[in-house]
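J.: Just the structure for this:
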Amino acid sequence: MDIQAKLDLVKSTFIRPDCLLIAVSKTKPLEDLQAAYSAGVRDFGENKVQELVAKQAQLPADIRWHMIGHLQSNKIKYIAPFVHLIHGVDSFKLLLEIDKQGKKIQRSIPVLLQIHIASEESKFGFDRQELESMLGSPEFSNLTHVQVKGLMGMASFTEDQHQIREEFKGLKQLFEDLKKRALHSFVELKELSMGMSGDYLIAQEEGSTMVRIGSSIFGSRTYSTS
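T.: As a prediction, the model looks like this:
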(Lines give C-alpha, C1' and ligand atoms only; values in the text may rest on other atoms or scores of the structure.)
Protein backbone atom coordinates (compact mmCIF):
# COMPACT_ATOMS: atom_id res chain seq x y z
CA MET A 1 0.00 0.00 0.00
CA ASP A 2 1.48 3.36 -1.00
CA ILE A 3 1.58 6.48 1.16
CA GLN A 4 -1.45 8.04 -0.54
CA ALA A 5 -3.52 4.92 0.20
CA LYS A 6 -2.31 4.77 3.80
CA LEU A 7 -3.19 8.43 4.31
CA ASP A 8 -6.65 7.89 2.86
CA LEU A 9 -7.15 4.91 5.16
CA VAL A 10 -6.07 6.84 8.27
CA LYS A 11 -8.24 9.84 7.40
CA SER A 12 -11.24 7.59 6.76
CA THR A 13 -11.12 6.47 10.40
CA PHE A 14 -11.04 10.00 11.85
CA ILE A 15 -13.87 10.68 14.28
CA ARG A 16 -13.26 14.43 14.18
CA PRO A 17 -12.70 15.77 10.65
CA ASP A 18 -11.47 19.07 12.12
CA CYS A 19 -8.61 17.31 13.94
CA LEU A 20 -5.29 18.15 12.29
CA LEU A 21 -3.17 15.24 11.07
CA ILE A 22 0.55 15.81 11.57
CA ALA A 23 2.58 13.33 9.52
CA VAL A 24 5.48 12.25 11.72
CA SER A 25 8.30 11.88 9.22
CA LYS A 26 11.28 11.28 11.54
CA THR A 27 13.94 8.99 10.01
CA LYS A 28 12.04 8.91 6.70
CA PRO A 29 13.66 9.80 3.36
CA LEU A 30 12.73 12.92 1.41
CA GLU A 31 10.89 10.84 -1.21
CA ASP A 32 8.41 9.66 1.41
CA LEU A 33 7.75 13.20 2.58
CA GLN A 34 7.36 14.35 -1.01
CA ALA A 35 4.83 11.57 -1.61
CA ALA A 36 2.84 12.66 1.46
CA TYR A 37 3.08 16.28 0.32
CA SER A 38 1.76 15.31 -3.12
CA ALA A 39 -1.11 13.57 -1.32
CA GLY A 40 -2.04 16.85 0.35
CA VAL A 41 -0.14 16.78 3.65
CA ARG A 42 1.22 20.16 4.74
CA ASP A 43 1.98 19.49 8.42
CA PHE A 44 5.04 17.37 9.17
CA GLY A 45 6.51 16.45 12.56
CA GLU A 46 10.16 15.78 13.34
CA ASN A 47 11.81 14.94 16.64
CA LYS A 48 15.43 15.84 15.87
CA VAL A 49 16.49 19.40 15.09
CA GLN A 50 19.25 18.41 12.67
CA GLU A 51 16.88 16.31 10.59
CA LEU A 52 14.16 18.95 10.67
CA VAL A 53 16.53 21.68 9.45
CA ALA A 54 17.92 19.50 6.65
CA LYS A 55 14.46 18.54 5.38
CA GLN A 56 13.07 22.06 5.65
CA ALA A 57 15.83 23.31 3.35
CA GLN A 58 15.00 20.76 0.65
CA LEU A 59 11.20 20.59 0.65
CA PRO A 60 8.44 23.04 -0.39
CA ALA A 61 8.26 26.33 1.48
CA ASP A 62 4.57 26.01 2.38
CA ILE A 63 5.14 23.03 4.66
CA ARG A 64 4.32 23.68 8.33
CA TRP A 65 7.05 22.08 10.44
CA HIS A 66 6.25 20.77 13.91
CA MET A 67 9.01 20.02 16.41
CA ILE A 68 7.54 17.13 18.37
CA GLY A 69 10.55 15.62 20.14
CA HIS A 70 12.43 16.57 23.28
CA LEU A 71 14.14 19.87 22.47
CA GLN A 72 17.50 20.97 23.87
CA SER A 73 17.95 24.66 24.64
CA ASN A 74 21.10 25.00 22.54
CA LYS A 75 19.28 23.76 19.41
CA ILE A 76 16.39 26.25 19.44
CA LYS A 77 18.24 28.85 17.38
CA TYR A 78 18.36 26.53 14.36
CA ILE A 79 14.58 26.19 14.06
CA ALA A 80 13.43 29.50 15.56
CA PRO A 81 13.14 31.33 12.21
CA PHE A 82 10.71 28.90 10.61
CA VAL A 83 9.22 26.32 12.99
CA HIS A 84 5.41 26.37 12.88
CA LEU A 85 4.87 24.89 16.34
CA ILE A 86 7.07 23.45 19.10
CA HIS A 87 5.04 20.72 20.80
CA GLY A 88 7.32 19.58 23.58
CA VAL A 89 8.01 22.57 25.83
CA ASP A 90 8.59 20.66 29.04
CA SER A 91 10.34 23.19 31.30
CA PHE A 92 10.33 26.89 32.09
CA LYS A 93 14.04 27.02 31.29
CA LEU A 94 13.28 25.84 27.74
CA LEU A 95 10.45 28.35 27.38
CA LEU A 96 12.76 31.18 28.47
CA GLU A 97 15.32 30.17 25.86
CA ILE A 98 12.67 30.02 23.13
CA ASP A 99 11.59 33.52 24.14
CA LYS A 100 15.22 34.68 24.04
CA GLN A 101 15.77 33.26 20.55
CA GLY A 102 12.47 34.72 19.35
CA LYS A 103 13.52 38.14 20.62
CA LYS A 104 16.80 37.93 18.69
CA ILE A 105 15.01 37.44 15.37
CA GLN A 106 11.91 39.48 16.27
CA ARG A 107 9.56 36.52 15.88
CA SER A 108 6.95 35.31 18.34
CA ILE A 109 7.36 31.52 18.37
CA PRO A 110 4.26 29.29 18.80
CA VAL A 111 4.55 26.56 21.41
CA LEU A 112 2.58 23.93 23.31
CA LEU A 113 3.27 23.13 26.95
CA GLN A 114 3.97 19.42 27.40
CA ILE A 115 2.16 17.92 30.39
CA HIS A 116 3.32 14.69 31.99
CA ILE A 117 0.28 12.41 31.92
CA ALA A 118 1.85 8.96 31.49
CA SER A 119 2.76 6.41 34.14
CA GLU A 120 6.34 6.18 32.84
CA GLU A 121 8.78 8.45 34.64
CA SER A 122 10.93 8.53 31.49
CA LYS A 123 8.43 10.73 29.66
CA PHE A 124 8.89 14.50 29.79
CA GLY A 125 6.52 17.27 30.80
CA PHE A 126 5.24 19.56 33.55
CA ASP A 127 3.29 18.11 36.41
CA ARG A 128 0.33 20.11 37.70
CA GLN A 129 2.30 21.78 40.51
CA GLU A 130 5.16 22.82 38.20
CA LEU A 131 2.68 24.22 35.70
CA GLU A 132 0.85 26.27 38.34
CA SER A 133 4.14 27.58 39.71
CA MET A 134 5.27 28.70 36.27
CA LEU A 135 1.97 30.31 35.28
CA GLY A 136 1.95 32.33 38.49
CA SER A 137 5.54 33.54 38.29
CA PRO A 138 6.56 37.11 37.38
CA GLU A 139 9.14 35.70 34.94
CA PHE A 140 6.38 34.00 32.96
CA SER A 141 4.42 37.25 32.68
CA ASN A 142 7.52 38.95 31.25
CA LEU A 143 7.75 36.69 28.19
CA THR A 144 7.44 38.68 24.97
CA HIS A 145 8.31 36.41 22.04
CA VAL A 146 6.38 33.19 22.58
CA GLN A 147 2.77 32.27 21.87
CA VAL A 148 1.41 29.51 24.10
CA LYS A 149 -1.13 27.86 21.82
CA GLY A 150 -2.17 24.95 24.02
CA LEU A 151 -1.09 21.70 25.65
CA MET A 152 0.50 18.46 24.52
CA GLY A 153 0.67 15.07 26.19
CA MET A 154 1.78 11.50 25.53
CA ALA A 155 -0.16 8.62 27.06
CA SER A 156 1.45 5.61 28.67
CA PHE A 157 2.81 2.90 26.37
CA THR A 158 0.30 0.26 27.33
CA GLU A 159 -2.39 -2.02 25.89
CA ASP A 160 -4.79 -0.81 28.58
CA GLN A 161 -7.15 1.44 26.63
CA HIS A 162 -8.97 2.50 29.78
CA GLN A 163 -5.73 3.86 31.22
CA ILE A 164 -4.93 5.70 27.98
CA ARG A 165 -8.43 7.19 27.91
CA GLU A 166 -8.19 8.35 31.52
CA GLU A 167 -4.83 10.03 30.85
CA PHE A 168 -6.22 11.88 27.83
CA LYS A 169 -9.37 12.76 29.75
CA GLY A 170 -7.28 14.28 32.53
CA LEU A 171 -5.30 16.39 30.07
CA LYS A 172 -8.49 17.59 28.40
CA GLN A 173 -9.89 18.60 31.80
CA LEU A 174 -6.73 20.57 32.60
CA PHE A 175 -6.96 22.22 29.18
CA GLU A 176 -10.57 23.29 29.83
CA ASP A 177 -9.76 24.48 33.36
CA LEU A 178 -6.93 26.69 32.09
CA LYS A 179 -9.12 28.16 29.35
CA LYS A 180 -11.49 29.51 32.00
CA ARG A 181 -8.74 31.43 33.74
CA ALA A 182 -7.50 34.94 33.04
CA LEU A 183 -4.06 34.28 31.60
CA HIS A 184 -1.59 36.52 29.82
CA SER A 185 -2.25 37.87 26.34
CA PHE A 186 0.37 35.56 24.81
CA VAL A 187 -1.52 32.50 26.13
CA GLU A 188 -4.27 31.51 23.72
CA LEU A 189 -5.29 27.93 24.44
CA LYS A 190 -6.66 26.55 21.19
CA GLU A 191 -4.72 23.35 20.54
CA LEU A 192 -4.64 20.05 22.39
CA SER A 193 -2.02 17.78 20.84
CA MET A 194 -2.54 14.20 21.95
CA GLY A 195 -2.70 10.89 20.12
CA MET A 196 -0.33 8.90 17.92
CA SER A 197 -0.67 5.93 15.57
CA GLY A 198 -1.70 3.55 18.34
CA ASP A 199 -4.17 5.75 20.23
CA TYR A 200 -5.31 8.61 17.98
CA LEU A 201 -8.93 7.44 17.90
CA ILE A 202 -9.18 7.50 21.70
CA ALA A 203 -7.43 10.89 21.68
CA GLN A 204 -9.97 12.27 19.22
CA GLU A 205 -12.85 10.95 21.31
CA GLU A 206 -11.36 12.79 24.29
CA GLY A 207 -11.01 16.10 22.47
CA SER A 208 -7.66 16.20 20.67
CA THR A 209 -7.32 18.93 18.04
CA MET A 210 -4.16 17.48 16.46
CA VAL A 211 -2.73 13.97 16.25
CA ARG A 212 0.84 12.92 15.48
CA ILE A 213 0.83 9.92 13.16
CA GLY A 214 3.94 8.28 11.73
CA SER A 215 3.99 4.50 11.33
CA SER A 216 0.41 4.26 10.06
CA ILE A 217 1.42 6.50 7.15
CA PHE A 218 5.10 5.78 6.53
CA GLY A 219 5.55 2.35 8.10
CA SER A 220 7.97 1.60 10.94
CA ARG A 221 10.92 3.88 11.56
CA THR A 222 13.90 3.78 9.24
CA TYR A 223 17.28 3.63 10.94
CA SER A 224 20.63 4.23 9.31
CA THR A 225 23.01 1.28 9.27
CA SER A 226 26.08 3.50 8.99
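
J.: In terms of helix, strand or coil, where does the residue nearest in space to the middle of the chain fall?
T.: Nearest to the mean C-alpha position of the chain, by C-alpha atoms, centre = their mean, lies His87 at 3.2 Å. In the three-state summary, His87 is assigned as strand, counting by DSSP: H, G, I helix; E, B strand; the rest coil.

J.: quick one: contacts for it?
T.: 45, 66-68, 111-112, 114, 152, 193, 212 (C-beta atoms under 8 Å, 6 or more residues apart in numbering). Glycine gets a C-beta too; all of them are placed from N, C-alpha and C.

J.: List just the nearest of those residues to Asp8.
T.: Asp8 lies nearest to Arg212 out of those, by C-beta to C-beta, at 18.5 Å.

J.: For that closest one, what are phi and psi?
T.: Per-residue torsions, Arg212: phi -110, psi 100 (degrees, to the nearest 10).

J.: Asp127 versus that one, what's the distance?
T.: 22 Å (C-beta to C-beta, to the nearest Å).

J.: For the two, indicate the residue with more neighbours.
T.: The residue with more neighbours, out of Arg212 and Asp127, is Arg212; 25 against 11, by other C-beta atoms under 10 Å.

J.: show me what contacts that one?
T.: By C-beta under 8 Å, 6+ apart, the contact list for Arg212 reads 22, 24, 45, 66, 68, 87, 193, 195-196.

J.: Let me know how buried Ile213 is, in neighbour terms.
T.: Neighbours of Ile213 (other C-beta under 10 Å): 21.

J.: Model confidence for it, exactly?
T.: According to the prediction, Ile213 has pLDDT 96.

J.: For the residue nearest to the centre of the chain, give its distance to Leu71.
T.: Distance, His87 to Leu71, by C-beta to C-beta: 9 Å.

J.: do the same with Phe175
T.: Phe175 is 21 Å from Leu71, by C-beta to C-beta.
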